[in-house]
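Visitor: pasting the sequence and the predicted model now:
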Amino acid sequence: MKISNVPAKDAVEFIKKEPIAMIAIGSVEYHGAQAPLGTDYIIPDYIVKELSKRDDILALPPIPYGNCQSIKDFPGTINIGTENLIRVLNSITESLLKHGVKKFIFVNGHGGNIAALDQVGLDTYEKGGIVATIDWWNLAKLLSPDYDGGHGDIQETSVAMAVDESSVNLSYCEPLIINDLSEEIKNKYISLLTYKNGTVKIVRDFKSVVPHGWIGPYDPKNSTKELGERILKDVIQYIGDFVEDFKKVQR
Ligand SMILES: [Zn+2]
C-alpha cells in the first residue's frame, strides 16, 4: 500500500498491522548525456511502486535527492550532502517507529548515499527498529553477470529505458574518457585506482576523472529496454523473496 495515496483511515489501519516500510532513495545527478538526471531515484521508485502492490509493504514517497558532492560540478546535479540525508531519513524512521513500524527497507539507487544509509541503519537499530538497505545496481550484478555495469553505462541506461523509454536518448551517448591520475596510477573505477598489483582509493572530483560523466565496463550506446526489463524483473523478484524472510525476523 502507498501510504500517501489512499484514504488516511485505510493507511492507519494498515500501519496497525506493522508492515515493512519501503522507501526509494536516489539522487538528481549527471549520468552521461543520454540518461535522465533522475536515473538514481526513478529506478528505485519504480521498484518500490511495483512492490507496493503486496499486502505487507507500506510504500513511502521517494527521496529524490542525495549526496552528490563529488559530482556536483556537472550541470543539473543537485547535492544535499550526507548530513542532510541522514537528518531526513532519521526523521522518517523516527516518525514511523512512533507509530509502531519497526522494519524498513531502503531501496537505494546511488552510491554516494551509502555512508548516510549505514548511519541511519545503525541509528534506527539503536531506537528499536531495523533497516535493510538494498543497492539495486549491486544486487543486479550478483543476480546475473549479464547485469554488470557502472555509473551511467549500459546497466543504468537500460533500466531507465525500461522504466520510461522517453527519458533516454542513445544518440547523445559520448565515448568513455578516463583521466588517470598518472601513468603508474590508473583509475579502475570512480575512486578505485590500480597501482602495481594492488588497488588504492583516491576520491577526486568526478568531472576531472570522467569528463563525459559516465564510467563502467559497458558502453551505454548498446543499452536496450529489454535488458532493463529483465534486470527490473529479477531485482523485484529478489526483493519480494527477501521481504518474506525479513518479515520473520524478530525485532
Ligand atoms: Zn546512478
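Guide: Received, thanks. Computed from a predicted structure; not experimentally measured.
Visitor: and the helix of greatest length in the chain, what other elements does it pack with?
Guide: Using DSSP state H to define each element, the chain has its longest helix at helix 225-248. Helices and strands touching helix 225-248, as assessed by 3 or more C-beta pairs under 8 Å, 6 or more residues apart in numbering; DSSP states H and E, comprise strand 20-25, helix 39-51, strand 103-108, strand 130-135, helix 136-143, helix 154-163. In this view, the C-beta of every residue, glycine as well, is placed from N, C-alpha and C.
Visitor: now F14. Nearest residue, chain neighbours left out?
Guide: Excluding the flanking residues, the one nearest F14 by C-beta to C-beta, 6 or more residues apart in numbering is M1, at 5.1 Å.
Visitor: surely that neighbour meets L51?
Guide: No. Counting by C-beta atoms under 8 Å, L51 is not a contact partner of M1; they are 10.7 Å apart.
Visitor: got any residues that touch both of these two?
Guide: Counting by C-beta atoms under 8 Å, 6 or more residues apart in numbering, the shared contacts of M1 and L51 are 57, 59.
Visitor: remind me which helix or strand P36 belongs to.
Guide: Following DSSP states H and E, there is no helix or strand that holds P36.
Visitor: list the residues that contact it.
Guide: P36 touches 42, 160, 164, 167-168, counting by C-beta under 8 Å, 6+ apart.
Visitor: among those residues, which pair sits farthest apart?
Guide: I42 and V168 (10.7 Å; C-beta to C-beta).
Visitor: what do these two both touch?
Guide: In contact with both I42 and V168: 36, 160, using C-beta under 8 Å, 6+ apart.
Visitor: can you pick out the residue with more neighbours from the two?
Guide: Shown here are I42 and V168; by other C-beta atoms under 10 Å, V168 has more neighbours (27 against 22).
Visitor: could you check how far the nearest residue to the more buried one once chain neighbours are set aside is from L51?
Guide: Spatial nearest neighbour of V168, chain neighbours left out: M161 (4.8 Å); criterion: C-beta to C-beta, 6+ apart. With distances taken as C-beta to C-beta, to the nearest Å, M161 is found 21 Å from L51.
Visitor: what about those two, which has more around it?
Guide: M161 (24 against 20).
Visitor: so how far is E13 from the more buried one?
Guide: 38 Å.
Visitor: over to Y195?
Guide: Y195 is 58 Å from E13, by C-beta to C-beta.
Visitor: what's the answer for D45, then?
Guide: 25 Å.
Visitor: and these two? Which one has more around it.
Guide: Comparing D45 with E13 by other C-beta under 10 Å, the one with more neighbours is D45, at 23 against 12.
Visitor: who are the contact partners of that one?
Guide: Taking C-beta under 8 Å, 6+ apart, one finds 24, 26, 62, 64 in contact with D45.
Visitor: now for those residues: which two are most distant?
Guide: A24 and P64 (8.5 Å).
Visitor: which of these two has more residues huddled nearby?
Guide: A24 (27 against 20).
Visitor: look up how far N79 lies from that one.
Guide: 18 Å.
Visitor: do D146 as well
Guide: 32 Å.
Visitor: with neighbour numbers in mind, choose between those two.
Guide: Applying other C-beta under 10 Å to D146 and N79 shows that N79 carries more neighbours, namely 19 against 14.
Visitor: tell me who's in contact with the more buried one.
Guide: 29, 67-69, 71-72.
Visitor: tell me how many other residues surround the residue nearest to F14.
Guide: Neighbour tally, M1, other C-beta under 10 Å: 20.
Visitor: what does the one 5 residues further on give?
Guide: Counted with other C-beta under 10 Å, the burial measure for V6 works out to 13 neighbours.
Visitor: please consider this matter closed, and thank you.
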